[in-house]
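> okay, sequence plus prediction incoming.
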Amino acid sequence: MSLKDQEFLYSVFRKEIKDRKIPLSLGKTCPVKCTFCYEMDHSYRKTFETPLTTQEHWDFIFKEIRSFPTRDSESWILGGNEYMEWTDLALHPKAMDWIEEFLEKTDKKITMFSVGYFDPERINRLAEKYPGRINFELSVKGLQSNRCWRFWMGRL
C-alpha cells in the first residue's frame, strides 16, 4: 500500500473513531448476503473501499481509541460504520482477539452488531470477565419482508 493510500485509509479510520466506531473491515462486500439486510444498497451514503484489517491497522486503530477519554454513558460500536461498508465483522478472523484486547486494555464499553457469527462461549466468557461492559445486538429477520429488526440483547 502506498503512503498516500495508507494516509487516506487512516483518515477514514479516524472519522469512524471520532464517531466512537471501531473500524474493522473484511476488505470486501459482506459475504453473508442476508435477504433482510438494509445495507445491500448503501448508495444513500458515501463509503470507501477498505482492505481487510491487518494487525498493523488494528495497532493504529487501538492506539487512536485509547487516546479518547472513557465516558460512562458511552459505548464503542463494532459494526454499523458510517464511512465503510457494513459487514458482519464477527467474520473477521481476528475480531474476537481484538475485542478481548479492547476489553482487557481499556475500561470502555462495547456494543457489537451481528447476525450471529460471534462464538457464544467466548462472548459469555468475556461477559463474565467484564460484567456490564458488553452490549450485543442481534439482527434477525422480522415479520415484514425486507426489514431487518434489531433486537436489543442487552448488557451481557
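Alright, I've got the coordinates.
> ok, now which ones touch the residue sitting nearest the centre point of the chain?
Residue closest to the average C-alpha location in the chain (CA atoms, centre = their mean): residue 78, at 2.1 Å. Counting by CB atoms under 8 Å, 6 or more residues apart in numbering, residue 78 touches 21-22, 24, 89, 95, 99, 110-113. From N, CA and C alone the C-beta is placed, and that goes for glycine too.
> tell me the pLDDT at it?
The model reports residue 78 with a pLDDT of 90.
> cool, residue 42 as well?
63.
> pull the longest helix from this protein.
Longest helix in the chain by number of residues, with DSSP state H as the criterion: helix 3-18.
> got the buried residues for that helix?
9-10, 12-13, 15-17 (16 or more other CB atoms under 10 Å).
> reformat these as JSON lines; add distance to residue 62 and pLDDT.
Shown next, in JSON lines, are these (distance: CB to CB, whole Å; pLDDT from 0 to 100):
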{"residue": "9", "distance to residue 62": "15", "pLDDT": "93"}
{"residue": "10", "distance to residue 62": "13", "pLDDT": "96"}
{"residue": "12", "distance to residue 62": "16", "pLDDT": "94"}
{"residue": "13", "distance to residue 62": "11", "pLDDT": "94"}
{"residue": "15", "distance to residue 62": "16", "pLDDT": "94"}
{"residue": "16", "distance to residue 62": "13", "pLDDT": "94"}
{"residue": "17", "distance to residue 62": "10", "pLDDT": "96"}
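> any chance of those in JSON lines, with distance to residue 43 too?
Shown next, in JSON lines, are the buried residues of helix 3-18 (distance: CB to CB, whole Å):
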{"residue": "9", "distance to residue 43": "22"}
{"residue": "10", "distance to residue 43": "25"}
{"residue": "12", "distance to residue 43": "18"}
{"residue": "13", "distance to residue 43": "23"}
{"residue": "15", "distance to residue 43": "19"}
{"residue": "16", "distance to residue 43": "19"}
{"residue": "17", "distance to residue 43": "24"}
